[in-house]
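1. sequence first, predicted model second:
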Amino acid sequence: MALLIAVAAMVVAYRSSTPPRSWCADQLVDATTGESILLPLRRTAERHDDAILTLQTHFIAAAGDARQGVYLAQASPFYRLKLNARDLTAGVDLSRRDLRDLAPHLHSLPPDALNAGDNVLTLQLPIAWKLSETRLNGLCVGDYQVLQAIYDANWWRQMGIPCLCLALFVVLGMGALTLWRVHRRAQVYLWYFACLVLMACRTGYLIVGTMPGGPVWWRAVSDITVLLLVFALYRLLTLFWGTRLRRWILVWLIGSILLQLYAVYSPWNLLFPMLATLFWLGALAVALTLLVQIMLDVQHVPLVERRSLQCALLFTIGCSVLETVAYQLDPAQRLLWMYPVGTATLAVTLAFLLVRRATMGTTLLGHATKALGKRLDNALLPARRGSTSVWEDVTSSVADDERQRMLDVIDEGFGSRMVTALMRIHSEHPDSRLSTEIQRALLDLRLMIDAIDEPCQSIDGALATLRQRMEGPLAAADLHSHWDIAGTRNLQVNSRRKLVELFRCVEELLSNVIQHAEASEVRVFAYSDDSMIVLRVEDDGRGIPVEPQQGRGLRNLQTRIQALNGELGLGPREEGGGTRVELRLPRF
């Protein structure tokens, strides 16, 4: 319903406003050939030569004191207008190739230049390949006051709204840069700023009058910004909602940009307007496909975010479709310009989503700060003056509470369901390895939670926590374990993510010993060697086969070691049989 209301409001805002038909010329005369030229006029140079089209019309000035005016609906790229040989557009150079004017124009006719009888209006338009298409939508002569109201309405429709949209993009861009700085240069705000820049480029293309390089290059730049906007929006949403990036989008984008650059040198869109329309409809189809794909991937996000973005994207695509199809209509029937309104709506919607997410984060931080303040007050009340352990006590208490909360959630929800699943697997499929995989998944979850605990602020404390977690599986496999971790006592943990990876590496090694080594004893040694942490696992099992096969566990271990910029050594144990695995990792 909201989308229909928005479309109806836009159609009303963009309704055509035309002068009385009796004031407007249906045709003009080519002063060079004497040929009659019907309006509206659309002309493209047949060769690469430049030419000046000179058109004339005759009219009789109305009697009375009312001021007369001449209204041009659109005369692009630019023009020169004369009344009875008097130049009304002094300073216009028709030989320039960096001008382009899409706005309507209104000129007051000087009373001293009007004849009592027949008057001649002469309009000159340049025609050249580099100027794209030459257009003349209408030429009307009548009462200046009436034409002034019509001109104001059409100028607002064709130029005023794009100017307001451009100002909106500038304001939103400044806000995006501010959020980018405040939120530690988060990429999502940078991509939103890129979207605003691309929207502003296309909107600026519609309203600026001086275009370095010529209108053809500016048209190519404008078209490419539209294609880049589709990708920038897609990248923004993948970052905002954590969805996966499809590589075929890059292939489509590069191909479309190359096609547009080729059109600069071979302007097929001027020779075949329908082909250009089909190209843009294809681009819009890709944008609609991306919309559907994104919405299918983000069923986990709040409903208000999904619905808001759905309406904004559909509205923007609808505006783009109308503007693309309008190029095949009579110029007087076109709805110009739809693109700025659609993109401005989308920009405001994205700003709402980003501000909403930032506000939610600020609210959560405020609640956390308030709760922490209460804990600090409670700790300060009984503390002795000058005590230095208050903050450590509060921090430890908060960490313990958070860890316990996470464990309670796992035990009450996820844990209970996994225990039920394990019981069913044991009873229905006693030989299945699913139970082992589930137990390892639960262990991995507990290790991630342990990584945020206070004892894990040092390497030896973290390994001691890991030892407690692995005692159960090792004892169940009749394995005696010995841990020598005193050599890491003074090493502090500065990266919790790397600590989790270290936990997973050791857990993977011990799981391999349990499943494949057929050992009775396993030893874990850890110490510091210069700037490296050395961790060695030895067992007294059957040792390494003559032709070892690299299983999934060893491949996972190598991948994690590479991610930590470490080294992996594998070989037989020096004393007796068994296997010796050594990990060398940079300190973290």
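-> Alright, I've got the coordinates. Numbering: from 1, shown residues only.
2. Thr122 is in contact with Leu81, correct?
-> Yes. If you go by C-beta atoms under 8 Å, Leu81 and Thr122 touch, sitting 7.3 Å apart. Just so you know, the C-beta spots here come from the backbone N, C-alpha and C atoms, and that holds for glycine as well.
3. could you pull out the strands for the stretch 401-550 of the chain?
-> 480-487, 521-529, 532-539 (DSSP state E, counting those that start in this stretch).
4. strand partners (parallel or antiparallel) of the last one?
-> Its sheet considered, strand 532-539 pairs with strand 521-529 (antiparallel), strand 579-586 (antiparallel) by DSSP bridges.
5. which of the strands of the stretch 401-550 of the chain sits most buried?
-> For the strands of the stretch 401-550 of the chain, the largest average neighbour count (mean count of other C-beta atoms under 10 Å) is found in strand 532-539, namely a mean of 21.
6. quick one: mean pLDDT for it?
-> For strand 532-539, mean pLDDT rounds to 88.
7. contacts for that strand?
-> By C-beta atoms under 8 Å, 6 or more residues apart in numbering, the residues outside strand 532-539 that reach it are 459, 488, 491, 502, 505-506, 509-510, 513, 517, 519, 521-528, 573, 578-588.
8. before we move on, back to that, between the strands of the stretch 401-550 of the chain, which gets nearest to Leu102?
-> Taking C-beta to C-beta, strand 532-539 is the member of the strands of the stretch 401-550 of the chain nearest to Leu102, at 66.8 Å.
9. measure how far the closest one is from the centre of its chain, please.
-> 45 Å (C-alpha atoms, centre = their mean, to the nearest Å).
10. averaged pLDDT, the strand or helix carrying Ile249. What do you get?
-> Secondary structure assignment for Ile249, by DSSP states H and E: helix 248-265. Per-region confidence: helix 248-265 scores 73 on mean pLDDT.
11. check stretch 345-361 too.
-> 84.
12. ok, stretch 143-156 next?
-> Here the average pLDDT along stretch 143-156 is 88.
13. next: stretch 193-210.
-> 87.
14. using PDB, list the CA coordinates for that stretch.
-> What follows is stretch 193-210, C-alpha atoms only, in PDB (Å, rounded to 0.1, in the frame of the first residue of the first chain):
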ATOM      1  CA  PHE A 193      29.200   6.600   1.100                       C
ATOM      2  CA  ALA A 194      30.200   5.100  -2.200                       C
ATOM      3  CA  CYS A 195      26.500   4.500  -3.100                       C
ATOM      4  CA  LEU A 196      25.800   8.100  -2.300                       C
ATOM      5  CA  VAL A 197      28.600   9.300  -4.500                       C
ATOM      6  CA  LEU A 198      27.400   7.200  -7.400                       C
ATOM      7  CA  MET A 199      23.800   8.400  -7.000                       C
ATOM      8  CA  ALA A 200      25.100  12.000  -7.000                       C
ATOM      9  CA  CYS A 201      27.100  11.400 -10.200                       C
ATOM     10  CA  ARG A 202      24.000  10.300 -12.100                       C
ATOM     11  CA  THR A 203      21.900  13.100 -10.700                       C
ATOM     12  CA  GLY A 204      24.600  15.700 -11.400                       C
ATOM     13  CA  TYR A 205      24.700  14.500 -15.000                       C
ATOM     14  CA  LEU A 206      21.000  15.600 -15.300                       C
ATOM     15  CA  ILE A 207      21.400  19.100 -14.000                       C
ATOM     16  CA  VAL A 208      25.000  20.400 -14.700                       C
ATOM     17  CA  GLY A 209      25.500  22.400 -17.900                       C
ATOM     18  CA  THR A 210      29.300  22.300 -18.400                       C
END
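15. can you point out the buried residues in it?
-> 193-207 (16 or more other C-beta atoms under 10 Å).
16. what residues does Leu228 make contact with?
-> Counted by C-beta under 8 Å, 6+ apart, Leu228 has contacts Leu198, Leu253, Ile257.
17. hmm, Val170 and Ala347 touching each other?
-> No. Ala347 lies out of contact with Val170 (C-beta under 8 Å); the separation is 11.0 Å.
18. between these two, tell me which one has more neighbours.
-> More neighbours surround Ala347 than the other of Ala347 and Val170, with 24 against 11 (other C-beta atoms under 10 Å).
19. Leu147 contacts Ala73, correct?
-> No. Using C-beta under 8 Å, Leu147 makes no contact with Ala73, being 10.9 Å away.
20. for the stretch 451-588 of the chain, just list every one of the helices.
-> Assigned by DSSP state H, counting those that start in this stretch, the stretch 451-588 of the chain shows helices spanning 459-476, 496-512, 552-563.
21. ranking those helices by burial, who's on top?
-> helix 496-512 (a mean of 20).
22. got the angle between that one and helix 552-563?
-> Per axes from the mean of the first three to the mean of the last three C-alpha atoms, to 10 degrees, the angle that helix 496-512 makes with helix 552-563 is 150 degrees.
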